[in-house]
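[1] With the input below, show me the fold.
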Amino acid sequence: MPESAAAHLRSVSFFRELSPAALHAVALRMIPRSYPQGRILFRVGEPCRGLYLLVTGKVEIYRSTSDGREHVIHVEIPVQPIAELPLFDAGPYPASGRVAEDSELLFLSVDDFQRLYREHPEIADAVIRNLGRRLRHLVRTVERISLLGIPARVASLLLEQAERAGALRDGGAFMLPHTQGQMAQLLATTRESVARALSDLRSHGIIRQEGRQVELLSVAGLERVAEG
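    Purely as a prediction, here's the structure:
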């Protein structure tokens with residue numbers, strides 16, 4: 001199991017730069033867990049239990065309003081760490097996490113994590129760099145929702161997904177990790193508005209789409225739409 005865990009860790013940006021000794025130390029303490037769709041990993045306000053690493057499947061990070069509505073903040077896809085912020089400030093989970101489809105995760109308890117980063121300071125350095133990337137992503141999300149119209153929000157999300165898939169170029173193709181309904185939750189709009197925006201992008205020759213498969217025909221055109 002440590003070899004398998006180490007292979008997954010190497011695919012995560014903030015673990016990839018660790019020394020072999022530090023990587024092996026983390027892998028030894030990772031516990032494999034399987035969760036069915038709909039399983040709640042943690043709820044907002046609960047004390048942090050540890051670090052989750054999503055290996056297969058999807059996990060939704062969301063908040064609920066007082067009237068029972070949910071807003072999905074983002075959807076995690078493999079291979080990504082989940083809920084690492086409370087590991088550092090000893091605070092509660094700032095949002096809830098739910099398994100969106102049957103998933104395999106690796107789990108590192110908070111006690112093991114604290115022991116590891118004291119023994120291997122490079123682990124803490126790597127996670128802090130990742131938190132910086134997370135903050136930048138959050139800022140982009142807030143800007144997208146508060147400042148942009150629906151077509152610009154959709155275009156911005158497509159650019160982000162293409163970049164994450166290594167397909168940000170004319171002719172680049174990638175699979176959307178979200179349904180139109182999930183995109184609507186992420187962008188604080190309706191599924192119908194997302195569908196119209198995607199249809200407009202297709203009709204203007206900016207993207208080609210078959211189901212969730214998207215091909216970028218004009219990155220420059222998509223960037224113009226994303227700028228609003």
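[2] going forward, measure contacts between C-alpha atoms and count neighbours the same way
    Will do.
[3] centroid residue for this structure?
    By CA atoms, centre = their mean, the chain has its centre lying nearest to Glu76, at 3.3 Å.
[4] contacting residues for that one?
    Leu54, Lys58, Val59, Glu60, Ile61, Ile82 (CA atoms under 8 Å, 6 or more residues apart in numbering).
[5] who wins for most neighbours among the residues you listed?
    If you count neighbours using other CA atoms under 10 Å, the busiest of the contacts of Glu76 is Val59, which has 27 neighbours.
[6] In the sheet, which residues pair with it? Tell me.
    Listed by DSSP bridges, the beta-bridge partners for Val59 are Glu76, Val99.
[7] how near is it to Gly97?
    With the distance defined as CA to CA, to the nearest Å, Val59 ends up 7 Å from Gly97.
[8] still on that earlier bit, now compare the contacts of Glu76 and name the two farthest from each other.
    Leu54 and Ile61 (12.6 Å; CA to CA).
[9] re earlier: and the contacts of Glu76 as JSON lines, adding distance to Gln114 and pLDDT?
    Converted to JSON lines, the contacts of Glu76 look like this (distance: CA to CA, whole Å; pLDDT from 0 to 100):
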{"residue": "Leu54", "distance to Gln114": "20", "pLDDT": "93"}
{"residue": "Lys58", "distance to Gln114": "26", "pLDDT": "92"}
{"residue": "Val59", "distance to Gln114": "24", "pLDDT": "93"}
{"residue": "Glu60", "distance to Gln114": "26", "pLDDT": "91"}
{"residue": "Ile61", "distance to Gln114": "24", "pLDDT": "90"}
{"residue": "Ile82", "distance to Gln114": "16", "pLDDT": "87"}
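[10] Let me have those residues in CSV, extended by distance to Ser156.
    Below are the contacts of Glu76 laid out as CSV (distance: CA to CA, whole Å):
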residue, distance to Ser156
Leu54, 24
Lys58, 21
Val59, 21
Glu60, 20
Ile61, 20
Ile82, 23
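[11] got the contact list for Cys48?
    Pro86, Leu87, Ala90, Gly91, Pro92, Tyr93, Val110.
[12] And the residues you listed, which of them are buried?
    Buried by 16 or more other CA atoms under 10 Å: Pro86, Leu87, Pro92, Tyr93, Val110, out of the contacts of Cys48.
[13] from the residues you listed, which is closest to Ala22?
    For the buried ones among the contacts of Cys48, the nearest to Ala22 is Val110 (16.7 Å; CA to CA).
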